[in-house]
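Peer 1: Sequence unavailable; structure follows:
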């Protein structure tokens, strides 16, 4: 059979001599195979890791992220940086998801987990250059990770705390906050985070319901003005300037129906041809409003919280009847208010009754500075374990970053309430694990030994990054801390970066004395998540992309 070759099609004749055309697959594939694919994936993932590496630790740098529509975010929270970056590479996206899963599960250590994954990939690349098979590297890493997590368990300390003694929780929260923008006021911020979590925690069941903690931000003031309110704060004001701005023993009806006459659902047109008809319609409207206000009044309510708006007519009638009102309250806020005050959300006026009202000791409107900005504070709620953190700051970006920092601190406190074992920060835990993994490597024969040693070297990258970001000599500082750990057999020696050098000219010191704690579960999760992602990247040997034919 004859064949005519073209770039994207072939002409073929059948046995009767009739021509037909075969087109090449339109979505042809370009592909990278074997070791080349593994190495290109490693380079992509390491480039992402390099971006957040400088944000690690107490002296870590912040990043400015500008979105497509010009929104500016300033942060050094690993998960936020990764989330806001537009990452297109398929393997680099795995690292974005890695930091996200650390954030969802633990809430802290999102930068560290990406840096560790990057260090493991760097070591894996060296081993690949030596000709070791990716699967053997992955297996060696898996064995080493098991040894490292076991070592963490052995060196962990239990910190006893109770409702009367919250100092261990505050110390651990301060460690988390020391790398954030709020580190100037970290003692106060840590106390706010701990009190917020303990306020809603069930210490007997070791359970914390984060839905009961609200975070509200208001630019203006300083970070020191941040406060914890035992109640709910909503960014709304009382709807009429003459209504009472402070309601004691508030009984609130929480409405999700609009304060206006009902409208037909279908399109309609109303023709009024005479004055009598107009007056009749007006009277009917008035009647609707009066009935609504009467139903609210009869239920015993003295505050109306409405999800929808209402017009001036309804506002005026509510004022005449001595009822204060708040309108356009969002769905999430409505739910929070209902949970905190023990009220029921009412969808129709006809269903209002006294037992469905929410109760609070005092509801007041507060003003900020000399602006017209006002907020509503609902305190002494019937279901008292609802709290709100009101974050203040010089501008919107600082307020948002402070909210993220406090969220991380609260997550750490929650983890400690669930499991009160801690390891020590400043690279101490990583150095201890590195020494344990190196010792284990001596007992292993065969190719796996190389991978296990490489894992130990990767663990050293965390304290090195901490020293590097503080402007110190990373190898000198790491060697000093490591040699002290080996000589003294003390796994608590790490890098104290906020104080001057000791008599030996380095910053290796006992982290227990310094009070730098991290939760055990957070550290274990970091090592296991990073190892899993690296194993996944190493096991990819073929990348097939829909695109140009190659």
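Peer 2: On my side now, so go ahead. Just so it is clear, the model here is predicted, and its values are computed rather than measured.

Peer 1: residue contacts, residue 523?
Peer 2: 109, 152, 423, 429 (Cβ atoms under 8 Å, 6 or more residues apart in numbering). In this view, the C-beta of every residue, glycine as well, is placed from N, C-alpha and C.

Peer 1: what about this protein, any weak spots by pLDDT?
Peer 2: 1-10, 22-31, 369-372, 384, 546-550 (pLDDT under 70).

Peer 1: For residue 341, which non-adjacent residue is spatially closest?
Peer 2: residue 358 (2.9 Å; Cβ to Cβ, 6 or more residues apart in numbering).

Peer 1: Give the burial count for that neighbour, as a bare number.
Peer 2: Residue 358 has 25 neighbours, counted by other Cβ atoms under 10 Å.

Peer 1: Quickly list what it is bridged to.
Peer 2: residue 252 (DSSP bridges).

Peer 1: What is the most widely separated pair among the contacts of residue 523?
Peer 2: 109 and 152 (12.7 Å; Cβ to Cβ).

Peer 1: So for the two, which sits in the more crowded spot?
Peer 2: When residue 109 and residue 152 are compared for neighbours, residue 109 comes out ahead with 28 against 23, by other Cβ under 10 Å.

Peer 1: what's near enough to touch that one?
Peer 2: Contacts of residue 109 by Cβ under 8 Å, 6+ apart are 102, 518, 522, 523, 525, 526.

Peer 1: Residue 318 too?
Peer 2: So residue 318 contacts 239, 240, 243, 293, 296, 304, 324, 325 (Cβ under 8 Å, 6+ apart).

Peer 1: What helix or strand is it located in?
Peer 2: Taking DSSP states H and E as the criterion, residue 318 maps to helix 312-320.

Peer 1: any idea which helix or strand comes after that helix?
Peer 2: With DSSP H and E, the next secondary element past helix 312-320 is strand 324-326.

Peer 1: Against residue 184, how distant is residue 405?
Peer 2: Remark: distance between residue 405 and residue 184 (Cβ to Cβ, to the nearest Å) = 12 Å.

Peer 1: actually residue 33, not the one I typed
Peer 2: Following Cβ to Cβ, the distance that separates residue 33 from residue 184 is 53 Å.

Peer 1: same deal with residue 469?
Peer 2: Taken as Cβ to Cβ, the span from residue 469 to residue 184 is 18 Å.

Peer 1: Kindly report the same for residue 143.
Peer 2: Taking Cβ to Cβ, one finds residue 143 at 44 Å from residue 184.

Peer 1: the more surrounded of those two?
Peer 2: Between residue 143 and residue 184, residue 143 has the larger neighbour count (other Cβ under 10 Å), namely 17 against 13.

Peer 1: Identify the residue spatially nearest to the more buried one, adjacent ones excluded.
Peer 2: residue 452 (6.1 Å).

Peer 1: likewise residue 300?
Peer 2: residue 354 is the one closest to residue 300 (Cβ to Cβ, 6+ apart), at 4.8 Å.

Peer 1: Surely the one you found touches residue 297?
Peer 2: No. Look at residue 354 against residue 297 with Cβ atoms under 8 Å: they stay out of range, at 11.7 Å.

Peer 1: neighbour-wise, which of these two wins?
Peer 2: Using other Cβ under 10 Å as the criterion, residue 354 and residue 297 rank with residue 297 on top: 15 against 11.

Peer 1: Quick check, that one in contact with residue 304.
Peer 2: No. Between residue 297 and residue 304 there is no contact under Cβ under 8 Å: 10.1 Å.

Peer 1: so what's in contact with these two at the same time?
Peer 2: residue 323.

Peer 1: Confirm that residue 73 sits in a helix.
Peer 2: No. When DSSP: H, G, I helix; E, B strand; the rest coil is applied, residue 73 is found to be strand, with no helix at that position.
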